[in-house]
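Visitor: Predicted model, plus sequence, below.
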Amino acid sequence: MSASAIEWTDAVWNPVTGCDRVSPGCAHCYALELAPRLRAMHAARGGGKWADAPDGTRASSGPAFGVKLHPNVLEQPLRWRRPRRVFVNSMSDLFHEDVPYQFIAEVFDVMRRCPDHTFQVLTKRPERMQRWLSWESPFRFDEPLPNVWLGVSIENRRFVYRADVLRDTPAAVRFISAEPLLGQLTDAACICCLKPVGHYDLCLDCANNLCVDCGIDEETGEPWGSNPEPYDRYPDHRLSLHRIDWLIVGGESGPRHRPIRPEWVRDLRDAARAAGTPFFFKQWGGRTPKAGGRELDGRTWDEMPEDR
């Protein structure tokens, strides 16, 4: 078991490692920074040579670090005696395109066999998660597993549509991780000057900030991703917490961290309180995760789905 310093979980379980960037929240990915350690871990597990995924096949941002399956750690949770919350694939995305459906089914089967643990599955690929749940798997279950929480990452308004996909996905608990929070999610306004902006409008006063809110990669100048379909499906780009059971919010950490604004956090906290959704504020962020502390308006916010 790997104990976790993440405030909202107890342990991490990584039957898959490796990923690639798909949206601005991935720009300073800690897992990518730890890729050399992952290579050493893979070699220690007898995996042989690490093969990087080809650049440019899915993400315009590159580079990728190769997705690797680790079937030898699949049954690790079965050996844990004390019940705990487990973050699944903290170093990857279970629903990455390079993870076969069959292997995802095996991960879910282990979670089914560990009813005393709570498993937290977080993805930036909710469409593939939704497709997998309708797949005719030999491990298919008729009802959502009560100990499996499904969540999506949302960093700015462009990716609010992920919550809508999650809402249409069967799950015992649905949660959102707005971390790193890079813009305001509750109002359609420019993240820099807070002026209202339209569906496809760009804020001409704040062109240097479009990389954060409008999905332009800072390094390449290219858009993140290539599929405009989510824009057409969810044009309002305002986060709704309807049928969302938990909201996590946090700022970015690291030497290149992008700042978070208090009004973004307060707006989400107030929206969560209005919706009756438990609110967890993880950190303000800074050069280190604890640099800015965790207090919001004089207190910590550590609400969990069980508090609802």
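Guide: Right, received. Where do you want to start? Numbering: from 1, shown residues only.
Visitor: that's a helix at Ala105, yeah?
Guide: Yes: judged by DSSP: H, G, I helix; E, B strand; the rest coil, Ala105 forms part of a helix.
Visitor: Quick one, grab the pLDDT at it.
Guide: Here the pLDDT value assigned to Ala105 is 93.
Visitor: do the same with Glu143
Guide: We have a pLDDT of 87 for Glu143.
Visitor: same question, the one 5 residues further on
Guide: The predicted local distance difference test score for Val148 is 97.
Visitor: Distance of it relative to Phe141?
Guide: 10 Å (CB to CB, to the nearest Å). Just so you know, the C-beta spots here come from the backbone N, C-alpha and C atoms, and that holds for glycine as well.
Visitor: who has more neighbours, the two?
Guide: Val148 (22 against 13; other CB atoms under 10 Å).
Visitor: that older thread, which residues are in contact with each of Val148 and Phe141?
Guide: Counting by CB atoms under 8 Å, 6 or more residues apart in numbering, the residues touching both Val148 and Phe141 are Phe108.
Visitor: Tell me where the protein has strands.
Guide: Secondary structure of the chain by DSSP state E: the strands cover 2-3, 11-13, 16-19, 65-69, 85-88, 118-123, 148-153, 173-178, 246-250, 279-283.
Visitor: TSV please, covering the ones you listed and showing distance to Gly25.
Guide: Formatted as TSV, the strands of the chain follow (distance: least, CB to CB, whole Å):
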stretch	distance to Gly25
strand 2-3	23
strand 11-13	19
strand 16-19	12
strand 65-69	17
strand 85-88	16
strand 118-123	11
strand 148-153	6
strand 173-178	9
strand 246-250	11
strand 279-283	14
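Visitor: Least confident of those strands, on average?
Guide: strand 2-3 (a mean of 71).
Visitor: List the residue ranges of the stretch 51-200 of the chain that fall below the pLDDT cut-off.
Guide: Counting by pLDDT under 70, the ranges of the stretch 51-200 of the chain that qualify are 51-65, 137-140, 187-200.
Visitor: One more pass at 50, please.
Guide: Applying pLDDT under 50 to the stretch 51-200 of the chain flags residues 51-64, 188-194, 197-200.
Visitor: One more: the stretch 201-308 of the chain?
Guide: The stretch 201-308 of the chain contains residues with pLDDT under 50 at 201-214, 224-235.
Visitor: For it, which segments count as helices?
Guide: Assigned by DSSP state H, counting those that start in this stretch, the helices in the stretch 201-308 of the chain fall at 210-213, 229-233, 262-275.
Visitor: Stretch 10-17: which residues count as buried?
Guide: Going by neighbour count (16 or more other CB atoms under 10 Å), the buried part of stretch 10-17 is Asp10, Ala11, Val12, Trp13, Asn14, Pro15, Val16, Thr17.
Visitor: neighbours around the closest residue to Pro115 other than its chain neighbours, how many?
Guide: Nearest residue to Pro115 in three dimensions, chain neighbours excluded: Asn147, at 5.5 Å (CB to CB, 6 or more residues apart in numbering). A count of neighbours around Asn147, defined by other CB under 10 Å, yields 18.
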